[in-house]
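[1] Please work out how this folds:
(chains A and B)
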Amino acid sequence: SAVISQKPSRDICQRGTSLTIQCQVDSQVTMMFWYRQQPGQSLTLIATANQGSEATYESGFVIDKFPISRPNLTFSTLTVSNMSPEDSSIYLCSGKQAYEQYFGPGTRLTVT
Amino acid sequence: EDQVTQSPEALRLQEGESSSLNCSYTVSGLRGLFWYRQDPGKGPEFLFTLYSAGEEKEKERLKATLTKKESFLHITAPKPEDSATYLCAVQAGWNTGKLIFGQGTTLQVKP
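    Next comes the predicted model:
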């Protein structure tokens, strides 16, 4: 199994600022993903983080708002740009390894 | 459109009272059905992946089964520590790895 860590675990940010979330996996994974979990709701995929190339975004999510990097097989970052209160959510990193997919502990973001 | 529906939304059980959680799905080509446990303030914890109708997997008091239209998570003689939200998700394509999640079932087991 893969163990996934995220930094920071939580943050409170001002409207209009940006936050970069880091995701580290302890072993190689074939694919990495970023999900969002809004308060009281289930998980929604933001994008697939591709190593060395642009991420693949789901409908409703754009690169200017959620730039993603994946410089190697075990590390990725998600930036939430020009934040508004509607961006207050839990952001989760995920890694796929063989037939299993693991999640990090999440980053709880509050935008004021 | 690919869709996952879980029922019930919430379930209260007495310790030792067995029950089942349901996950119904419509997907164009199932490539895996995943069950997760999520505790408050934490990320989802992987439990099982099922791939074909008739497949079953077990872990402690949990047993997951799969048919062509739904999956069940059976909880046998639950304990208070089994209290959590259980999430079901489907993977719709081999190459994407994208998971589509249901809304979850929140289980409370009372001593």
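[2] Quick one: residues in contact with the longest strand along chain A.
    Secondary structure of chain A per DSSP state E: the longest strand is strand A:89-97. Strand A:89-97 is contacted from outside by A:1-2, A:4, A:6, A:21, A:23, A:25, A:27-39, A:43, A:46, A:76, A:78, A:80, A:101-104, A:106-109, B:43-44, B:97, B:99, using Cβ atoms under 8 Å, 6 or more residues apart in numbering or on different chains. C-beta here means a position set from N, CA and C on the backbone, and glycine is covered the same way.
[3] Neighbouring strands of the very next helix or strand once past it in the sheet, and parallel or not?
    Using DSSP states H and E, the helix or strand that follows strand A:89-97 in sequence is strand A:100-103. Its sheet considered, strand A:100-103 pairs with strand A:89-97 (antiparallel) by DSSP bridges.
[4] For the partner strand, what is the distance to the chain centroid?
    6 Å (Cα atoms, centre = their mean, to the nearest Å).
[5] Quick one: mean pLDDT for it?
    Across strand A:89-97, the average pLDDT comes to 96.
[6] coming back round to it: sort out for me which of the contacts of strand A:89-97 are in strands.
    Secondary structure from DSSP E places A:4, A:6, A:21, A:23, A:25, A:31-37, A:43, A:46, A:76, A:78, A:80, A:101-103, A:107-109, B:99 of these in strands.
[7] Spit out the contact partners of A:Phe66.
    Neighbouring residues of A:Phe66 by Cβ under 8 Å, 6+ apart: A:Trp34, A:Ile46, A:Ala47, A:Tyr57, A:Leu78, A:Thr79, A:Val80, A:Ser81.
[8] And the buried ones among these, selectable in ChimeraX?
    Burial among the contacts of A:Phe66 is assessed by 16 or more other Cβ atoms under 10 Å in any protein chain shown; the matching ChimeraX selection reads:
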select /A:34,46,47,57,78,80,81
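[9] wait, which of the contacts of A:Phe66 is closest to chain B?
    The nearest member of those to chain B, counting by Cβ to the nearest Cβ, is A:Ala47 at 9.9 Å.
[10] coming back round to it: mind checking which of the contacts of strand A:89-97 are buried?
    Among the contacts of strand A:89-97, the ones that count as buried by 16+ other Cβ under 10 Å are A:2, A:4, A:6, A:21, A:23, A:25, A:29, A:31-37, A:43, A:46, A:76, A:78, A:80, A:101-104, A:106-109, B:43-44, B:97, B:99.
[11] Just want the angle from the longest strand of chain A to strand A:31-37.
    Per axes from the mean of the first three to the mean of the last three Cα atoms, to 10 degrees, the angle that strand A:89-97 makes with strand A:31-37 is 160 degrees.
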